[in-house]
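Asks: Fold the following, please.
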Amino acid sequence: MSKLKRRFYFLVHLIFISGFLYAFYHFIQTPRSISLDRRLWAYESWIILSFYSLFTYLVLWEKETRVGVKVKNGFKWFKQVMLTNLLLLIFPWGLFLLLAPKFLLEIFHLRSIYWRVLGIGSLLGALIYYFPFRFYKKKISYYILAFGFIDNLLAGAIVVFLFILGKVPLVAFSSSPLLFYFAFFFLEQARDYKS
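Replies: Numbers count the residues shown, from 1 in each chain. So this is what the prediction gives:
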């Protein structure tokens, strides 16, 4: 594993752990009399741990398939990560934001119409990213992989920036490390595709 990748993974671990500690601290500090706020902090802690577990699984699976094995297993790893990305785009980032009742989105401080538009964009992204998943050998797959790098990197950076400004809730911020992971993944795949 390269130094850059190790540093990147360290940064992603740090973001996940600090986000979890932040949510867990607020969960502990919230009085039991405010049960809705306390449940939301518990839910946000659970979301962060779920995303962190998924990230850890992908990294461990990558190490297992990349170290001294055949190219076929490397392609299997590519398909596994792409499938994970597609499932995340369809369910939590797509359909949930698009179809969730308004009162539920308000509870999570996702009141803006932007979140509905983001749900539509996530579903369209799933359609676009399905192409290299299914038709990897086509030339356009390279451009979709390069676009995936830019798309995920910008999305992650915007979410982090808006979280720092206090414009997005922690539940949205918790997805930023995975966005950075997928950005790095798409960058590696685009470079591998060119060579």
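Asks: what's the following helix or strand after the helix or strand of the chain with the lowest mean pLDDT?
Replies: Between all helices and strands in the chain, the lowest mean by mean pLDDT, DSSP states H and E belongs to helix 102-107, at a mean of 78. Tracing the chain past helix 102-107, the next element assigned as helix or strand by DSSP states H and E is helix 113-134.
Asks: So for the residue lying farthest from the centre of the chain, what's the pLDDT?
Replies: Centroid-distance maximum for the chain: residue 33 at 33.3 Å, with CA atoms, centre = their mean. pLDDT, the model's per-residue confidence, is 82 for residue 33.
Asks: In stretch 17-34, which residues are buried?
Replies: Burial within stretch 17-34, assessed by neighbour count using 16 or more other CB atoms under 10 Å, is assigned to 19-20, 22-24, 26-27, 30. (Glycine included, C-beta is placed from N, CA and C.)
Asks: Need those in CSV (columns: distance to residue 58 and pLDDT).
Replies: Converted to CSV, those look like this (distance: CB to CB, whole Å; pLDDT from 0 to 100):
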residue, distance to residue 58, pLDDT
19, 18, 85
20, 18, 88
22, 23, 87
23, 22, 87
24, 23, 89
26, 28, 85
27, 26, 87
30, 32, 86
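Asks: now, which of the residues you listed sits nearest residue 176?
Replies: Comparing these against residue 176 with CB to CB picks out residue 19 as the nearest, at 8.6 Å.
Asks: Using the three-state scheme, assign that closest one.
Replies: Local secondary structure at residue 19 is given as helix here, using DSSP: H, G, I helix; E, B strand; the rest coil.
Asks: From what I see, it and residue 172 are in contact.
Replies: No. Counting by CB atoms under 8 Å, residue 172 is not a contact partner of residue 19; they are 10.9 Å apart.
Asks: can you pull out the helices in this structure?
Replies: 3-29, 35-66, 71-90, 96-99, 102-107, 113-134, 140-164, 170-173, 176-194 (DSSP state H).
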